[in-house]
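Visitor: Here is my input, please return the structure:
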Amino acid sequence: MIPVDSFVKEAEPEPTPEPRYPSVIATGLALSVVGWAGLFWIVINTFPTIPNRWLFFAFLQLALTGAALPFVRYLHQRFAAHADSANNLVVIVRQSVWVGLFGAICLWLRIPRLLSIPLALIILATLVVIEFLFRLRERAQWRPE
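Guide: Next up is the predicted model:
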């Protein structure tokens, strides 16, 4: 009599490949170069009129998002609990945009001297809650596999 256990082979979990996104670093570098060069050009060559202020904040958003993109990718790669969250490029880009948005909002509130530490913490907490709700919605979606 042949034991049944010899026919049953335990399924080994497939190793999940480490997320490698060289495009994230290239995109972050491109956004940073365009953003910081635009900021430099706006500050050196223009007067602070209304359209130039809008350009300033747009270039600041690009620069901060591009600078945050490789760091957010590294944090996801290093501290992700699941391989899905480390491999999700949309989440990495969205969180980098939150960093840029936080910096632009804080600088915008700094111009009329409205920014304080409690207000910056409230803005930060608001962005963290919004990101948490986005992640909660993504986790709750049904994905047939």
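
Visitor: Name the SS class of Pro112, please.
Guide: coil (DSSP: H, G, I helix; E, B strand; the rest coil).

Visitor: phi, psi of it?
Guide: phi -90, psi 20 (degrees, to the nearest 10).

Visitor: what's the spacing between it and Leu121?
Guide: Applying C-beta to C-beta, to the nearest Å, the value for Pro112 to Leu121 is 19 Å. From N, CA and C alone the C-beta is placed, and that goes for glycine too.

Visitor: out of those two, which sits in the more crowded spot?
Guide: The neighbour count for Pro112 versus Leu121, taken as other C-beta atoms under 10 Å, is higher for Leu121 (10 against 7).

Visitor: Quick one: mean pLDDT for the helix or strand harbouring that one?
Guide: Using DSSP states H and E, Leu121 sits in helix 117-140. Here helix 117-140 scores 94 as its mean pLDDT.

Visitor: ok, and what's touching it?
Guide: Surrounding helix 117-140, the residues in contact under the criterion C-beta atoms under 8 Å, 6 or more residues apart in numbering are 88, 91, 94-95, 98, 101-102, 105-106, 109.

Visitor: One more pass at 10 Å, please.
Guide: 82, 84-85, 88, 90-91, 94-95, 98-99, 101-102, 105-106, 109-110, 115-116 (C-beta atoms under 10 Å, 6 or more residues apart in numbering).

Visitor: ditto for stretch 48-68
Guide: 27-43, 45-46, 72, 75, 92-93, 95-105, 107-108, 111.

Visitor: These in helices, which ones?
Guide: Using DSSP state H, the members of the contacts of stretch 48-68 that fall within helices are 27-43, 45, 72, 75, 92-93, 95-105, 107-108.
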